[in-house]
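Trainee: Take a look and give me a structure for this.
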Amino acid sequence: MTLRVDPKGNELRALRQAATWRGKQVLEIGCGEGRLTLRLAGLGARVIAIDPDAQRVRAARRALPARFTERIRYRVGSAQPLPYRSGSFQRVVFAWSL
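Mentor: Okay, the predicted model is just below:
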């Protein structure tokens, strides 16, 4: 059985309603294999996506479509402490992570 997350596009619709993404520098904390990362890039964001699980980051990098290679950077990392200066991002996303 194939798992389909958000087949009706509710998550994407909610992202569009929540903020303007086009041209924004976004930090995604807990990116996993990059499902949400790709959606953010599709909305026009430039994304630094971090996750502490190196295996999931490798999977995200392998699955990165060529059209997003200039918009997405995957990094192994933790939210504590963040290695970025204050003001580096216009948006921060922390979703589906504990």
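
Trainee: residue ranges with poor pLDDT in the protein?
Mentor: 1-3, 96-98 (pLDDT under 70).

Trainee: Give me the residue at the spatial middle of it.
Mentor: For the chain, the residue nearest the mean C-alpha position is Thr37 (2.6 Å; C-alpha atoms, centre = their mean).

Trainee: quick one, what contacts that one?
Mentor: Thr37 is in contact with Glu28, Cys31, Val47, Ala49, Ala60, Ile72, Tyr74, counting by C-beta atoms under 8 Å, 6 or more residues apart in numbering. Bear in mind the C-beta positions are built from the backbone N, C-alpha and C, glycine included.

Trainee: what sits against the residue nearest to it when sequence neighbours are not counted?
Mentor: Counting by C-beta to C-beta, 6 or more residues apart in numbering, Ala49 is the residue found nearest to Thr37 once chain neighbours are left out, at 4.4 Å. Taking C-beta under 8 Å, 6+ apart, we find Ala49 in contact with Leu27, Glu28, Cys31, Gly34, Thr37, Ala60, Ile72, Arg73, Tyr74, Arg75.

Trainee: If you rank these by neighbours, which is first?
Mentor: Using other C-beta atoms under 10 Å as the neighbour test, the contacts of Ala49 are led by Cys31, with 29 neighbours.

Trainee: Am I right that it is in contact with Asp51?
Mentor: Yes. Here Cys31 reaches Asp51: they are 4.8 Å apart, a contact under C-beta atoms under 8 Å.

Trainee: and for those two, which residues touch both?
Mentor: Val57, Ala60, Tyr74.

Trainee: give the contact list for the first one.
Mentor: When you say that, I think you mean Val57. By C-beta under 8 Å, 6+ apart, the neighbours of Val57 are Cys31, Asp51, Tyr74, Arg75, Val76.

Trainee: try 7 Å this time
Mentor: Asp51, Tyr74, Val76 (C-beta atoms under 7 Å, 6 or more residues apart in numbering).

Trainee: so the first one touches Gly34, yeah?
Mentor: If I follow you right, that is Asp51. No. Between Asp51 and Gly34 there is no contact under C-beta atoms under 7 Å: 8.8 Å.

Trainee: roughly how far apart are Ile29 and Gln80?
Mentor: Distance of Ile29 to Gln80, computed by C-beta to C-beta, to the nearest Å: 10 Å.
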